[in-house]
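Asks: only geometry, no sequence info:
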């Protein structure tokens with residue numbers, strides 16, 4: 001989810017972050033596209049096993065905190081910010097550093113009701129939201145209680161967080177990586193995503209919108225003392241990604257190099273994902289990039305069946321408040337799909353007897369795996385058995401990784417042994433047998449190449465993984481998701 005981003009609500013409970021190999025435990029990450037106003041739209045969340053909505057008790061409050069250590073290896077100070085959502089009230093939260101040294105969640109203010117045209121950047125007038133870490137130093141902070149849809153921001157400079165009118169549950173404004181009119185466009189910054197509910201915690205690095213500052217993380221379990229690590233991008237990773245995309249532009253003639261963003265001083269500050277790039281460059285030729293590949297896929301599956309394995313684990317449905325409250329997700333289904341004469345991909349669930357139809361996806365829909373597009377939108381009447389929400393991430397991931405035309409690609413998620421990830425993104429295809437015109441998400445390909453062990457979200461459903469023993473980390477956990485029922489601490493390394 002994400003990855004995750006992890007944007008799980010405890011009222012629904014999931015990025016950044018989690019469409020993992022066995023269960024969809026994640027919904028789509030919050031978008032940073034142009035629009036600065038981050039809102040929850042519960043009707044459009046991707047279902048996941050429901051963890052429940054919990055109020056924290058007084059006894060839990062003293063122990064339910066996570067120690068976060070930020071280690072800054074850079075030659076200048078960095079700023080850290082933490083955001084989240086109250087799992088019960090759905091109020092937006094920001095971590096606040098009290099004068100006495102303690103940390104608490106503070107509810108986002110309502111904004112200026114008298115002037116709806118201007119955002120109120122409340123962090124500019126109160127420095128307690130910003131947690132500074134000096135050059136080559138380490139600093140400890142604490143996440144005090146449970147929160148959903150959380151982000152930990154790391155920035156080279158001060159970031160602004162604001163609000164529009166409408167109360168504490170709407171109008172939260174976070175930095176945008178693609179809006180050239182905003183000051184944070186010229187700053188290097190990155191975030192990771194987390195969701196923390198009673199009995200479960202998810203966290204992931206998120207490179208699905210852009211890469212900027214290399215981050216790595218380790219989570220230590222309070223129960224076992226064991227540590228799980230996702231190393232993240234290599235040193236100077238953003239520059240290496242930009243260089244490789246520039247080379248790809250020379251190969252195929254598409255504007256991959258324009259994904260590299262330079263500030264007013266002509267310094268590279270980030271590399272945007274194709275989805276983010278197209279959000280402000282809709283007329284760019286990349287907007288039709290996948291057309292030939294989609295045509296070939298549609299032609300192929302007009303003649304043969306595509307089988308999608310939903311991989312779910314009989315968990316409870318996400319919708320804690322809807323008509324399906326407490327209902328069980330059907331055990332992993334082998335859904336059979338075929339393109340019919342109406343040019344739609346028809347997928348049939350043999351257990352429920354229901355069909356799910358998908359039209360040809362556009363390039364923008366593929367790059368974003370967007371829920372507001374016709375292809376990957378989950379229809380409200382198709383959530384009774386949660387099959388369509390399970391199909392969508394696997395189908396979209398197959399387009400990103402260009403595995404649908406490979407030998408064995410008629411079964412998704414695609415698997416080819418322990419090193420499955422080596423076949424993603426048109427690799428291991430020297431004769432270009434499987435990849436029409438070498439069409440794939442080259443941003444995701446290159447980001448994974450410069451991620452140590454190949455782990456870290458590079459598109460929204462990058463946590464779609466095959467199931468199997470002995471898989472490499474890049475194959476078993478491409479999204480770089482870490483989960484733990486009771487985390488004690490997080491160690492974040494801020495790289496060069």
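Replies: Structure's in. What do you need? Model, not experiment: these values are computed from the prediction.

Asks: So residue 358, which state does it fall into?
Replies: Secondary structure for residue 358, judged by DSSP: H, G, I helix; E, B strand; the rest coil, is strand.

Asks: Same question for residue 100.
Replies: Following three-state DSSP, residue 100 is assigned to coil.

Asks: quick one, phi psi at it?
Replies: Main-chain torsions, residue 100, degrees, to the nearest 10: phi -80, psi 0.

Asks: Poorly predicted segments of the stretch 301-450 of the chain, please.
Replies: Residues of the stretch 301-450 of the chain meeting the criterion pLDDT under 70: 312-331, 371-373, 379-385.

Asks: which residues of it fall in strands?
Replies: Under the criterion DSSP state E, counting those that start in this stretch, the stretch 301-450 of the chain contains strands at 306-309, 334-339, 344-348, 355-359, 411-412.

Asks: now the ones you listed as JSON lines including distance to residue 277 and mean neighbour count?
Replies: Where C-beta positions appear, they are placed from N, C-alpha and C, glycine not excepted. Listed next are the strands of the stretch 301-450 of the chain as JSON lines, based on distance: least, C-beta to C-beta, whole Å; neighbours: other C-beta atoms under 10 Å:
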{"stretch": "strand 306-309", "distance to residue 277": "29", "mean neighbour count": "20"}
{"stretch": "strand 334-339", "distance to residue 277": "29", "mean neighbour count": "18"}
{"stretch": "strand 344-348", "distance to residue 277": "27", "mean neighbour count": "18"}
{"stretch": "strand 355-359", "distance to residue 277": "24", "mean neighbour count": "17"}
{"stretch": "strand 411-412", "distance to residue 277": "27", "mean neighbour count": "19"}
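
Asks: Turn the ones you listed into CSV, columns for distance to residue 494.
Replies: Output for the strands of the stretch 301-450 of the chain, formatted as CSV (distance: least, C-beta to C-beta, whole Å):
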stretch, distance to residue 494
strand 306-309, 38
strand 334-339, 43
strand 344-348, 43
strand 355-359, 41
strand 411-412, 36
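
Asks: Ok, which of the ones you listed comes nearest residue 489?
Replies: With C-beta to C-beta as the measure, strand 306-309 is the member of these nearest residue 489 (35.9 Å).

Asks: which residues touch the residue lying closest to residue 252 once chain neighbours are set aside?
Replies: Nearest non-adjacent residue to residue 252, counting by C-beta to C-beta, 6 or more residues apart in numbering: residue 438, 6.6 Å away. Residues in contact with residue 438, defined by C-beta atoms under 8 Å, 6 or more residues apart in numbering, are 251-252, 426, 432.

Asks: ok now do residue 65, which residues does it touch?
Replies: 142-145.

Asks: Kindly state the pLDDT recorded for it?
Replies: The model reports residue 65 with a pLDDT of 94.

Asks: how much space between it and residue 228?
Replies: Relative to residue 228, residue 65 is positioned 19 Å away (criterion: C-beta to C-beta, to the nearest Å).
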